[in-house]
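> Here is a sequence with its predicted model. Questions after.
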Amino acid sequence: MKVYYGALKPDGRFPIYLLLDEVQLVRDWDRWVRRMHDSGGYRIYVAGSTSKMTSAEIADALRGRSVSYEIFPFSFREFLRARGLEAEARDIDATSHLDERGRILGALEEYLRFGGYPRATLTEDPEERRRVLLAHYDAIFYRDLVDRCGLDPDLLDVALSSIISSPAGPLSASKLCNHVRSTGIGCSKATLLKYLECARQSYLVLLSEILSEIHSRSVRNRRQYPRKAYVVDNGIVTARYPEVAERMGVPMENAVAVELSRRGFELRYWREYGRREGREVDFVIVDRGRVRQLVQVTHAVSRSEIRDREIEALEAASAELGCRESLVITWDHWGRELIGDLEVRYVPLWAWLLDSGEPERRPAPVR
């Protein structure tokens, strides 16, 4: 500060911006930040890894003087910019040249495989990218979870492997606990829930709670179903389990969950109650207590490739939840149709990631 004032001689007419990274490593940092804040004239930004302090701990240290922001890996738009590409969904639709759409789809496939961590995005060699992503996972695993949270690495590895190898799949704490025990590792359900919460706080496992609840008006019904877990970045998934990328629908759904979380939505899903193989809707978007939209994700390039079961699930959920707006996120299919009172829009994933809307030149509704 002495050097700054001596060199620039600020006159106080404009605020001074202080950008403090990993400041929690300095003893009594919170007292100094509070003092600078209370003196006036400063705009202070504090950034740090979850290995040292969570957002709740920062809020406590700064005595209510802070506002927290979650920083996710690159969005698809940010990924494109980092790779030297620019695209606007409104400028590309089903009538666009194949080379233009092919370029975006190629970039999307790369994004789904390698994720959006900046260092991995800026690394050209695929094998080097994988090493970068594995190193990042190891840093979260050992620094954030084992060292900071004091978790047992063997139990943690089995639990996280089950989630990362099958993101977007149903996750029952009881079944996961039984799986851990089958490997010869002692585990209780309470311990496992603690581990999952630590993984959530370290931004490895997503969602506002440990895992998302199924959306149902009945609390009893919600508690009888498994929750669903997602991983904060597809790159970690495919770095550890490359075979997941062969089922492109899984990375697609995981990417949608990450993007919805980035946009501030609490994620829920719907499943038909009372049937073992009940129909399911991937996401139920709730805004201010009202069901705003039903969302399915499918790796389809035409209407004929979309399974009847997925549309039937939208119809059943619409009838139960009173929602008349639905969205089917596809690989590369535009469209719109009315099924009774239910409006179904079909939007490619790349277009939804870029602006969450349809292009201006869109097909007319079909009955």
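Nice, thanks for sending it over.
> What about I16, how many residues nearby?
By other Cβ atoms under 10 Å, the residues close to I16 number 15. Using the backbone N, CA and C atoms, a C-beta is placed for each residue, glycine as well.
> who's it bridged to?
Y42 (DSSP bridges).
> thinking it is in contact with I44, fair?
No - counting by Cβ atoms under 8 Å, I44 is not a contact partner of I16; they are 9.2 Å apart.
> which stretches of the stretch 151-300 of the chain form helices?
Ranges of helices within the stretch 151-300 of the chain are 153-164, 173-182, 189-201, 219-224, 234-240, 249-262, based on DSSP state H, counting those that start in this stretch.
> contacting residues around the most centrally placed residue in the chain?
Note on the chain: the residue nearest the mean C-alpha position is V258, at 1.7 Å, using Cα atoms, centre = their mean. Listed by Cβ atoms under 8 Å, 6 or more residues apart in numbering, the contact partners of V258 are 72-73, 206, 230, 232-234.
> max-length helix in this structure?
The residue-count maximum for a helix in the chain (DSSP state H) belongs to helix 98-114.
> Using neighbour counts, pick out the buried residues of it.
101, 104-105, 107-108, 111-114 (16 or more other Cβ atoms under 10 Å).
> now do stretch 126-134
129-130, 132-133.
> okay, the residues you listed in TSV with secondary structure, pLDDT and distance to I329 next?
Formatted as TSV, those follow (DSSP: H, G, I helix; E, B strand; the rest coil; pLDDT from 0 to 100; distance: Cβ to Cβ, whole Å):
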residue	secondary structure	pLDDT	distance to I329
R129	helix	95	25
R130	helix	95	27
V132	helix	96	28
L133	helix	96	25
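> Show me the two of the residues you listed that sit farthest apart.
R130 and V132 (7.3 Å; Cβ to Cβ).
> what residue ranges in the stretch 101-250 of the chain score low on pLDDT?
Across the stretch 101-250 of the chain, the ranges flagged by pLDDT under 70 are 207-225.
> Can you point out the buried residues in stretch 29-42?
Result for stretch 29-42 [16+ other Cβ under 10 Å]: buried residues 29-30, 33-34, 36-37.
> can you check stretch 244-263 too?
Buried, per 16+ other Cβ under 10 Å, within stretch 244-263: 244-245, 248, 250-261.
> now the longest helix of the chain, how far from the chain's geometric center?
Average the C-alpha atoms of helix 98-114, do the same for its chain, and the two points are 20 Å apart (Cα atoms, centre = their mean, to the nearest Å).
> Same check on stretch 138-150?
On Cα atoms, centre = their mean, the centre of stretch 138-150 falls 20 Å from the chain's centre.
> what's the first-to-last distance across that stretch?
Using Cα to Cα, to the nearest Å, the end-to-end distance of stretch 138-150 comes to 15 Å.
> That'll do, ta.
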